[in-house]
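# need a 3D model of the following:
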Amino acid sequence: MEKPSGFKGFAFMSIGQFISMVGSAMTQFGLAIWIWKVSGNATPFSIISTLFFIPNLIFSPFAGALIDRWPLKRSLILPDLAAGIVTILTLILYLLNRLNLPFLYIASFVSGMFNAFQWPAYSVTISVMLKKEDYGRANGLFSMVENGPIIIAPILAGILMPIINLSGVMIIDIITFLFAIGAVLWVFIPKIERKISEVKTNLFKDAYFGFKYIFEKKPLLALLTVFLFVNFFGGFVNTLIAPLILSKTNNSSIALGVVQTSFGIGGLVGGLVMTVWGGTKKKVYSLIGGILLSSIGMIFFGLTKTVIYLSIFGFFIMFLNVITNSSSQAIWQSKVPPHLQGRVFSARRVIAQLVGTIPMISSGPIVDKFLYKFFIDSNKFFNYFGTGKGGALSFLAVFSGILTVIVAIVAFVNKLVINVESIDIEK
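Numbering: from 1, shown residues only. The predicted structure follows:
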């Protein structure tokens, strides 16, 4: 039987990855309940998130260098294999009644380290397996793979947990890893032609190469700068999206779930649309248009106070974010040679994540220590957003949206950005 190739092969591989990610999300859901029952504290969740984020950031440049050296299938399988082994060890400790928080902290660090391979490896795979005109569709499909589990996994885990317990959920997760690994092994992925001199270069020099490449290519640097500002301004709201929703819905956990689900559905539908449509012929138009419209959506999200409108705007914000990110990814894949993409894309992600840490750390204190005081006393302007911390959060969302609209307008009139697809960056 002939191995699947091209878009069909990538779709087959994406289905395997989707099944695996649903299994992983179910385990995370079950472990979150276990952690809360054991500790009763929010701190372990913050520690686990941080210990996953830090190695992902540190190891990304080295992962990119290895992706450009190794056969692609090895880079694609490694994150799933590592996650599978971690889940097996977690299951064994749980069955022996030896599972504890320190182990989960270590497991989170290890998972974050190997997860650094996944996004750049799949990005390179799209470039190698598909034609340029299919990049937008493929990135839309992978967005569906990333967003679908957010909707499906909590429901499935919630139904199955009372029946098969956490151990049963983890067994399902382990089985799903086999689907992801099996799909990668089955499909045909063309080999990347690499120069012998590139393979023999120093690993640390290779890890630095991606940063050097981006800063030398002015159009790509300009495009990345747009996303730096978008991530920076948007990060203030994204970090506090849960308290923002709760403040508008009288602390309703049901409303929080409904609105967050609308974000997931928006991402899923956005991925479906991009899979069929692929974006505008000139991808930078759907990229900038997506930024502009999603920013306007965030302004309305900050102003509205009802669950139905929060859900509607949440849906469109995530829908448009997928359009934007898929279009951006298609541009980068078309401009950067496949044999360099592992290093370049990893460096690109590190830069973006570094900027994102600033609003992640500072958004809470800005609301609690600075903005909050403007919403205590009666004031016609500030009371329009609401009172107390809810008003401060709403104002932050609107202000963030306005600044991001400005970024989109500046990007549209910037010649390097708007012509990034037609400029020969190798000159």
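
# what about the spatially closest residue to T304 that is not a sequence neighbour, how many neighbours?
Leaving aside its sequence neighbours, T304 sits nearest to L310 (Cβ to Cβ, 6 or more residues apart in numbering; 5.9 Å). For every residue, glycine as well, the C-beta is placed using N, CA and C. Neighbourhood size, L310 [other Cβ atoms under 10 Å]: 22.

# try I172
17.

# hmm, back to that, what about the residue nearest to T304, which helix or strand?
helix 307-335 (DSSP states H and E).

# re the thing from before, thought the residue nearest to T304 was touching V259?
Yes - counting by Cβ atoms under 8 Å, L310 touches V259, with 4.8 Å between them.

# what's the pLDDT at the residue nearest to T304?
As predicted, L310 sits at a pLDDT of 95.

# hmm, F319 is touching L272, no?
No - if you go by Cβ under 8 Å, F319 and L272 don't touch, sitting 9.8 Å apart.

# give me the more crowded residue out of the two.
When F319 is set against L272 and neighbours are counted by other Cβ under 10 Å, the residue ahead is F319, at 26 against 18.

# which parts of stretch 46-58 are buried?
48, 51-53, 55-57 (16 or more other Cβ atoms under 10 Å).

# again with stretch 148-156
Applying a neighbour-count criterion of 16+ other Cβ under 10 Å, the buried positions in stretch 148-156 are 148-154, 156.

# which one of these is nearest P71?
Out of those, the one with the shortest distance to P71 is P149. That distance is 27.3 Å, counting by Cβ to Cβ.

# element containing that closest one?
In this structure, P149 sits in helix 135-186 according to DSSP H and E.

# correct me, but A411 touches G290?
No - the pair A411 and G290 does not pass the contact test of Cβ under 8 Å, sitting 11.2 Å apart.

# show me where the stretch 1-150 of the chain has helices.
For the stretch 1-150 of the chain, applying DSSP state H, counting those that start in this stretch gives helices covering 6-39, 43-67, 72-95, 101-115, 118-129, 135-186.

# helix, strand, or coil at the spatially closest residue to P71 that is not a sequence neighbour?
Once its chain neighbours are removed from consideration, P71 has its nearest residue in K191; the separation is 7.3 Å (Cβ to Cβ, 6+ apart). With DSSP: H, G, I helix; E, B strand; the rest coil as the basis, K191 sits in coil.

# hmm, K191 is touching K73, no?
No - with contacts defined as Cβ under 8 Å, K191 does not count as touching K73, sitting 10.1 Å away.

# so between these two, which is more surrounded?
K73 (15 against 8).

# that one and A180, how far apart?
Taking Cβ to Cβ, to the nearest Å as the measure, K73 and A180 are separated by 12 Å.

# who's in contact with I159?
With Cβ atoms under 8 Å, 6 or more residues apart in numbering as the criterion, no residue contacts I159.

# just the pLDDT for it.
Here the pLDDT value assigned to I159 is 86.

# against L57, how distant is it?
Note on I159: its distance to L57, by Cβ to Cβ, is 35 Å.

# tell me, how many residues neighbour V258?
Residue crowding around V258 was assessed by other Cβ under 10 Å; the count is 17.

# quick check: it touching V307?
Yes - with contact defined as Cβ under 8 Å, V258 counts as touching V307 (6.0 Å).

# if I look at E146, how far off is G314?
For E146 relative to G314 (Cβ to Cβ), the value is 17 Å.

# more crowded one of those two?
Neighbours were tallied for E146 and for G314 using other Cβ under 10 Å; the higher tally belongs to G314 (25 against 18).

# ok, the more buried one to L244 distance?
As defined by Cβ to Cβ, G314 lies at a distance of 11 Å from L244.

# neighbours of L101, how many?
15.

# which ones are touching it?
35, 38-39, 44.

# need those residues in TSV (columns: pLDDT, neighbour count and distance to G278).
Below are the contacts of L101 laid out as TSV (pLDDT from 0 to 100; neighbours: other Cβ atoms under 10 Å; distance: Cβ to Cβ, whole Å):
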residue	pLDDT	neighbour count	distance to G278
I35	89	18	41
V38	89	13	47
S39	84	12	46
P44	83	17	42
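
# and the residues you listed, which two are the farthest apart?
Using Cβ to Cβ, the two most remote members of the contacts of L101 are V38 and P44, lying 8.5 Å apart.

# so where do the helices sit in the stretch 251-400 of the chain?
In the stretch 251-400 of the chain, helices defined by DSSP H, counting those that start in this stretch lie at 253-277, 283-303, 307-335, 341-365, 380-383, 388-413, listed in chain order.

# of those, which approaches V110 most closely?
The closest approach between V110 and any of the helices of the stretch 251-400 of the chain, judged by Cβ to Cβ, belongs to helix 341-365 at 18.4 Å.

# give me the lowest-pLDDT entry from the buried residues of stretch 46-58.
Within the buried residues of stretch 46-58, pLDDT reaches its minimum at F53, with 82.

# mind listing what the residue lying closest to A397 once chain neighbours are set aside touches?
Beyond its immediate neighbours in the sequence, the residue positioned closest to A397 (Cβ to Cβ, 6+ apart) is G302, lying 3.1 Å away. When contacts are counted by Cβ under 8 Å, 6+ apart, G302 is found next to 237, 244, 385, 393-398, 400-401.

# can you list the residues you listed in TSV and add neighbour count and pLDDT?
Below are these laid out as TSV (neighbours: other Cβ atoms under 10 Å; pLDDT from 0 to 100):
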residue	neighbour count	pLDDT
V237	23	84
L244	25	86
F385	22	84
L393	28	87
S394	24	91
F395	21	92
L396	21	90
A397	24	93
V398	19	95
S400	23	95
G401	24	96
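
# and of those, the nearest to I296?
Taking Cβ to Cβ as the measure, G401 is the one of the contacts of G302 closest to I296, at 6.8 Å.

# contacts only, for that closest one.
G401 makes contact with 237, 295-299, 301-302, according to Cβ under 8 Å, 6+ apart.

# try I19
With contacts defined as Cβ under 8 Å, 6+ apart, the neighbours of I19 are 176, 179-180.

# repeat that with 10 Å
With contact taken as Cβ atoms under 10 Å, 6 or more residues apart in numbering, I19 is in contact with 145, 149, 175-180, 183.

# measure I358 to I155 for me?
If you measure I358 against I155 using Cβ to Cβ, the figure is 35 Å.
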